[in-house]
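Participant: What follows is a protein structure lacking sequence information:
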């Protein structure tokens, strides 16, 4: 099976991303995955690893937000016996354990500044230094990092090293939010229902046309993870039934959680310059999102690819 077949969807934004990722997967270049929580960054990292020459080697994961600063250095680089209270034996870190394979660093934005310098040294030289040791060791590990925050903003706040950012940002991929690829929702629903049908030994439900339309216009702040959780819940509660709008959770009934379909804009009687208006709206969206193109596209109700095309049309690129 093609490793990217695990990523469900045929939206233009997703297919463009996958085409580029297949090219990058064949190399050892460092990859930075950007995107909101729940957009599938770890699934995408797995797909890159499985399409790479390291496919048969280790794939280890560290959530940088899950451990306190006092433990994360040891978890990454290992430690020597007696280097701190409780260090009763020499212990290898994830980098050593992943030698020859891939290490996925999730929520890299939460990596403490004190550890960022050591990670930068590894990325530059392949050298690691275990806690309490004086002799570095070398490993061959490909790093795929992920963030749900704008690292450039953290740099300006002094919370992230600019040199580490540039070293991680060799090939960045921005994963689209679910409501930026709403045409994939029906495929994802069918995929999740099939999983839960097998896991729980029940007959999968189905959505009515009206319910499915509500799903496609929902904001999905939790993205694919939120959709998966919804499908699991409904699979259990409404097995072998057709799910109508009134059976959806209360948040789906709240209009504030839905994307606006209409506009109250009225064309001035004297007319307007459409190109100038479009360029101005794009500028406003980019300013409001600090240059984040995916979020800007979302504000404008278009895909990221369409935004890039229109930015080029209006001369935003030098």
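Facilitator: Nice, thanks for sending it over. Predicted model only: the values in this text are computed from it and were never measured.

Participant: For burial, what's the neighbour tally of residue 181?
Facilitator: 26 (other C-beta atoms under 10 Å). Where C-beta positions appear, they are placed from N, C-alpha and C, glycine not excepted.

Participant: residues contacting it?
Facilitator: 9, 11, 13, 14 (C-beta atoms under 8 Å, 6 or more residues apart in numbering).

Participant: Quick one, which of those has the minimum pLDDT?
Facilitator: Comparing pLDDT over the contacts of residue 181, residue 13 scores lowest. The value there is 83.

Participant: who touches that residue in this structure?
Facilitator: Going by C-beta under 8 Å, 6+ apart, residue 13 touches 176, 180, 181, 303, 304, 305.

Participant: I'd like the residues you listed laid out as TSV, including pLDDT.
Facilitator: What follows is the contacts of residue 13, written out as TSV (pLDDT from 0 to 100):
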residue	pLDDT
176	90
180	85
181	90
303	77
304	79
305	78
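
Participant: if we can go back for a sec, pull the most distant pair out of the contacts of residue 181.
Facilitator: Across those, no pair lies farther apart than 9 and 13, at 8.9 Å, counting by C-beta to C-beta.

Participant: So which elements touch the helix or strand hosting residue 120?
Facilitator: Under DSSP states H and E, the secondary-structure element containing residue 120 is helix 113-125. Using 3 or more C-beta pairs under 8 Å, 6 or more residues apart in numbering; DSSP states H and E, the elements in contact with helix 113-125 are helix 69-77, strand 127-128, helix 162-168.

Participant: repeat that for 10 Å
Facilitator: Identification of packing neighbours for helix 113-125 by 3 or more C-beta pairs under 10 Å, 6 or more residues apart in numbering; DSSP states H and E yields helix 69-77, helix 94-97, strand 127-128, strand 142-147, helix 162-168.

Participant: Can you list the buried residues in that helix?
Facilitator: Buried residues in helix 113-125, defined by neighbour count with 16 or more other C-beta atoms under 10 Å: 115, 116, 118, 119, 120, 122, 123.

Participant: Restricted to strands, list the contacts of residue 13.
Facilitator: Assignment to strands by DSSP state E places none of these there.

Participant: Serialize those residues to JSON lines and add fields for distance to residue 316.
Facilitator: Output for those, formatted as JSON lines (distance: C-beta to C-beta, whole Å):
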{"residue": "176", "distance to residue 316": "20"}
{"residue": "180", "distance to residue 316": "19"}
{"residue": "181", "distance to residue 316": "23"}
{"residue": "303", "distance to residue 316": "16"}
{"residue": "304", "distance to residue 316": "14"}
{"residue": "305", "distance to residue 316": "14"}
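
Participant: Next, check those residues against the helices and list the overlap.
Facilitator: Secondary structure defined by DSSP state H assigns 304, 305 of the contacts of residue 13 to helices.

Participant: between the contacts of residue 13, which is nearest residue 312?
Facilitator: Ranked by distance to residue 312 (C-beta to C-beta), those are led by residue 305 at 10.8 Å.

Participant: Show the contacting residues for the closest one.
Facilitator: Listed by C-beta atoms under 10 Å, 6 or more residues apart in numbering, the contact partners of residue 305 are 11, 12, 13, 15, 16, 17, 176, 293, 297.

Participant: how close does residue 152 get to residue 292?
Facilitator: Shown here: residue 152 relative to residue 292, a distance of 10 Å by C-beta to C-beta, to the nearest Å.

Participant: Oops, could you answer that again for residue 127 instead?
Facilitator: Separation of residue 127 from residue 292 (C-beta to C-beta) stands at 34 Å.

Participant: Counting neighbours, go ahead and name the busier of the two.
Facilitator: The neighbour comparison of residue 127 against residue 292 (other C-beta under 10 Å) goes to residue 292, with 18 against 12.

Participant: Identify the residue nearest the more buried one in space, chain neighbours excluded?
Facilitator: Closest residue to residue 292 in three dimensions, ignoring its sequence neighbours and counting by C-beta to C-beta, 6 or more residues apart in numbering: residue 150, at 6.5 Å.
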